[in-house]
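Engineer: coords please:
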Amino acid sequence: MPPSRRRPNELRIIGGEWRGRRLSFPALPGLRPTPDRVRETLFNWLSPVVQGARCVDLFAGSGALGLEALSRGAAGVTFVDSQPEVIRQLRDSLQRLEAATRGEVVHAEAARWLDSATGPYRIAFVDPPFAAGLGASTLAALASAGVLARDGWVYVEQAAGQPPPAAPAGWSLHRQGRAGGVGYYLFRTGEAL
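Structural biologist: Residues are numbered from 1 along each chain as shown. Purely as a prediction, here's the structure:
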């Protein structure tokens, strides 16, 4: 179904086990799933590492990134979000996909959760509300929390036109792109593949 014919507040999983499945998400201000085109590019980049990976989806929102990772073979995803409506919908989506045992849904602010989180996570998705400007501070918090694998990958999404977020010491910008109003970046935390 073309994007113009989709129902509002609906996302489509674009690859893997659940390809084509449609899921709803809450109608909340600023909540927007990562566009299909961007997700396709990101998961092409991550295809060598997503299978069997343990992932965290910070500012999970619609759950598009974490659900896509599970569909493509991630071992598990921890979804973190601070909005109760989002938490309820994510739990419902995991139940509908019969994946409740592969997804953990945590109701918390991302920064607070990182204070007590345990890893290691091979892939982290960081997609905060664009207006909040939390990309760089969340990267710094991820680096200092010690929850990422030595050979980890961190995806960051922000409004297009902003400079890339600063990479913490030891990280490198691996790839970047832009689609419409979205700028997106993939960082490596250490050794490649």
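Engineer: so who does G170 touch?
Structural biologist: Neighbouring residues of G170 by CB atoms under 8 Å, 6 or more residues apart in numbering: 143, 189-190. In short, each C-beta sits where N, CA and C put it, glycine included.
Engineer: quick one: low-confidence ranges for this protein?
Structural biologist: Across the chain, the stretches falling below the confidence threshold (pLDDT under 70) are 1-8, 131, 191-193.
Engineer: tell me which of the contacts of G170 is nearest to Q83?
Structural biologist: When the contacts of G170 are compared for distance to Q83 (CB to CB), A143 wins out at 25.4 Å.
Engineer: Help me confirm that the closest one comes into contact with G152.
Structural biologist: No - taking CB atoms under 8 Å as the contact criterion, A143 and G152 are not neighbours in contact, 10.0 Å apart.
Engineer: Who has more neighbours out of the two?
Structural biologist: Taking A143 and G152 together and counting by other CB atoms under 10 Å, G152 has the greater number of neighbours (24 against 19).
Engineer: Can you give me the neighbour number for the residue nearest to that one when sequence neighbours are not counted?
Structural biologist: Once flanking residues are discounted, G152 sits nearest to T189: 4.0 Å by CB to CB, 6 or more residues apart in numbering. Other residues within reach of T189 by the criterion other CB under 10 Å amount to 23.
Engineer: Start the count at 30 instead of 1 going forward.
Structural biologist: Okay, residue one is now 30; in that scheme the one you just asked about reads as T218.
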